[in-house]
Structure formats: structure tokens, C-alpha cells
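Student: Build me a model from this:
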Amino acid sequence: MITIAVDCMGGDHGLPVTLLACADFLARHSDAHLLLVGLPEAIQTHAHYSAHARSTVVAASEVVAMDDPVEVALRKKKDSSMRVAISQVKEGKAHAAVSAGNTGALMAIARYVLKTLEGIDRPAIASQLPNQKGQGTTVLDLGANVDCGPHHLLQFAVMGSALVSAVSGRDQPTVGLLNVGEETIKGSEVIKQAAELLRHAKASGDLNFYGNVEGNDIFKGTVDIVVCDGFVGNVALKASEGLASMVSSFIKQEFTRSPWRKLVGLFAYPVLSAFKKRVDHRRYNGAALLGLRGLVFKSHGSADAYAFRHALERAYDASRNQLLERVKTRIAHAEPLMAAAIKVPASS
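Tutor: Residues are numbered from 1 along each chain as shown. A predicted model of the protein is given here:
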């Protein structure tokens, strides 16, 4: 039985989305149990709540708002639904926690409660972006670490490899380093040094490093994993979401302007529908906070029930496939290389 703690109060929409998604998720997985964390009365009296044999309400007395400063969430709201959900993981009552709440608060609380794994300086946010192969390219970091050194990018690559290996079954997923060109002479000094570390990791059998990749390679599906700093990764994420919204809006507008366009749209609908589904960012919702001593997944704050259910699916798959143990194993194997990398200054 896979148990997931759900911060039911978090996100832009809270209970109307999370409870509906939880009910849908439980209907699809007979080996799953959900801990519904939040204000008990609010949960149990909500229209979307239905008592289920495989769900348990866990009380929390506070809620982290989307605009709460990290300091407030971490130090003043110690009984928030977000913190209680993460504590379920620490106490061994849940395999993973899922929240659509404030990203900064979630990362800070998760890092404070769970701590980082040995050998990891900074946790990273990893998720998939849609690619033309109909699958997803895993990208990290997506916003947790704006300023990274070469050794941080190496750590991200190791953790990302464990994530993809766990959920896809590929033992040696390919890793690309995001750069302004494929040539080894291009990029900043940090990127060049990171590429050198990744080449060493390939030689030692720690990574299947492909080489430098460019932004369009994310959507081509050139590699399984793309590593970058959090600033660049977050820009790529938002651009991907913007593209998906634009495509959806374009299809809706262009084929409803006239009877003729409606007729054309009717014949084109199967193809357009398949394309819309492929680029729908809701299918890829659920970012893993890697590098912690427990599994935590972040849903988009604006997620609807369909998207939030996919975040639950990611937490379920990661738990079932023992992601945390795989990350620990990969880190242990690459520890000598990562330890040596930390000692090399970024400007050398």
C-alpha cells in the first residue's frame, strides 16, 4: 500500500481541486492510501469530500497562503497543512507528500523538516516538459537554485538520472547540459567546468552524459534529462506552459470564427485534439523536490483537478519505484567525484 500525504489546503483553489483529484486518484489505484491534511471541519463538510476506506483526514490548524513570506510559513505557521503533510513523511506515516502551495515555503519547510541527503548541497526541483516524441524531457533545476556552481549541476544530473531511471525503467538515461551551443568551447566558465565534471562522471560510469544541448533540444526530446540552473530552468518551464495555453486558445478561436472554419475544424479535430493533449502541461504536473531525505512533490499552484491528480500520480510512481533509495544509491556511487568537484572553485 502506497501512502501519500496531501496538503489539501494549498494552491490557488484549495479543497475544490484537491479533494476532487484525490477521489479520482483513489478510484484508479486500489493499492493507494491518502492522508488528507488540512482543517478537518473544512474538509469533511466540503461538497467534494466523500469518506473513503483508503483515505484518512489528518488535522492541521493553519494554512500557508500563496503570498506568505517564507519566514512566516517556516517559523510562525508550525501547524500548517503543508508542514503537517511533510511531517507525515518524516515520521514514516507516508511515502511521499504532495502540495500545490507556495513553492518557496514548500522548499524551505521540506528542507527544514526532512534535511538534505548526504553529499547534496541544495535540493533541486525536477519535472518533465513535453517533447515531440510524445513523452517528456526531465529538466532540473526549475527554480530552486538561481545561482549554481559546477558541482551543483553535477549533483542535479546524478539526482535527475535516478528520477528518470526510477519512473521510466531506463538504467542509463541520457543527460544533456543546457548551453548556448553544442560545442565544448561555448558557454560560461561555470558551464564549461560543469561539462568537464559530467564528462568525468561518464568515464567513471556514474552518468550517461550526452554533451551540451540547446533550448530546442528540450522539446525535441534529444536527451532524457536536461540540467541547468534554476533561473534558466524556470524560464523554460514558463515558456512551455505559455506555449500550451497559446495553442489551446488558438484552436478555440480560429475554428469558431465562421461556419466554414467550424467545418474545417470538425475534420481537423482528431489531429488537433491529439496535438493539444501532447503539449498540455497539466499532464506533466508534479515536480519532484530532489535531494531531500524524503519524497516531496510540488503541483502548480493554479492546477485544476486533472493536473493535481497527475501530481499525485508522480508521487505514487516515485514511491512505488523506490525513488529515494535509487537517489541514495546513485549519490553513494558518485560521491568521490562529487566530493572532489566541491573543492574546485568555479573561477579556477
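
Student: Which parts of this protein are strands?
Tutor: Under the criterion DSSP state E, strands of the chain are mapped to 2-7, 32-38, 55-59, 96-99, 124-130, 136-140, 174-178, 208-213, 225-227, 287-290, 295-298.

Student: Columns mean neighbour count and mean pLDDT on top of the ones you listed, output as TSV?
Tutor: Just so you know, the C-beta spots here come from the backbone N, C-alpha and C atoms, and that holds for glycine as well. Conversion of the strands of the chain to TSV gives the following (neighbours: other C-beta atoms under 10 Å; pLDDT from 0 to 100):
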stretch	mean neighbour count	mean pLDDT
strand 2-7	26	98
strand 32-38	25	98
strand 55-59	17	97
strand 96-99	31	98
strand 124-130	26	92
strand 136-140	26	94
strand 174-178	23	97
strand 208-213	21	96
strand 225-227	29	97
strand 287-290	28	96
strand 295-298	27	97
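
Student: Just put those strands in CSV and tack on distance to residue 44.
Tutor: Conversion of the strands of the chain to CSV gives the following (distance: least, C-beta to C-beta, whole Å):
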stretch, distance to residue 44
strand 2-7, 15
strand 32-38, 9
strand 55-59, 6
strand 96-99, 20
strand 124-130, 32
strand 136-140, 36
strand 174-178, 46
strand 208-213, 49
strand 225-227, 42
strand 287-290, 29
strand 295-298, 25
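
Student: So which of these is nearest residue 90?
Tutor: Ranking the strands of the chain by distance to residue 90, with C-beta to C-beta as the measure, places strand 96-99 first at 9.3 Å.

Student: Walk me through which strands the closest one pairs with, and which way each runs.
Tutor: On the basis of DSSP bridges, the sheet neighbours of strand 96-99 come out as strand 2-7 (parallel), strand 295-298 (parallel).

Student: just the angle between the first one and strand 55-59, please?
Tutor: Orientation note: strand 2-7 sits at an angle of 40 degrees relative to strand 55-59 (axes from the mean of the first three to the mean of the last three C-alpha atoms, to 10 degrees).

Student: Now do the contacts for the residue lying closest to residue 40 once chain neighbours are set aside.
Tutor: Closest residue to residue 40 in three dimensions, ignoring its sequence neighbours and counting by C-beta to C-beta, 6 or more residues apart in numbering: residue 59, at 5.0 Å. For residue 59, the contact set (C-beta atoms under 8 Å, 6 or more residues apart in numbering) comprises 37, 39-40, 84.

Student: ranking those by neighbours, who comes first?
Tutor: residue 37 (32 neighbours; other C-beta atoms under 10 Å).

Student: ok, what's across the strand from that residue?
Tutor: Applying DSSP bridges to residue 37 yields these beta-bridge partners: residue 7, residue 58.

Student: Quick one: residues contacting it.
Tutor: For residue 37, the set of contacting residues under the criterion of C-beta under 8 Å, 6+ apart consists of 5-9, 58-60, 81, 84-85, 88.

Student: Turn those into CSV, columns for distance to residue 191.
Tutor: Compiled in CSV, the contacts of residue 37 are given as follows (distance: C-beta to C-beta, whole Å):
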residue, distance to residue 191
5, 38
6, 38
7, 36
8, 41
9, 40
58, 44
59, 48
60, 42
81, 39
84, 40
85, 36
88, 39
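
Student: Which of those sits closest to residue 284?
Tutor: Nearest to residue 284 among the contacts of residue 37 is residue 6, at 19.1 Å by C-beta to C-beta.

Student: Surely that closest one touches residue 17?
Tutor: No. Judged on C-beta atoms under 8 Å, residue 6 makes no contact with residue 17 at a distance of 11.0 Å.

Student: low pLDDT regions in the stretch 51-200 of the chain?
Tutor: Using pLDDT under 70 as the threshold, the predicted model of the stretch 51-200 of the chain has no low-confidence range.

Student: Quick one: the helices in it, in order.
Tutor: Along the stretch 51-200 of the chain, the stretches classed as helices by DSSP state H, counting those that start in this stretch are 70-71, 81-90, 103-114, 150-168, 189-203.

Student: No further queries at this time; thank you.
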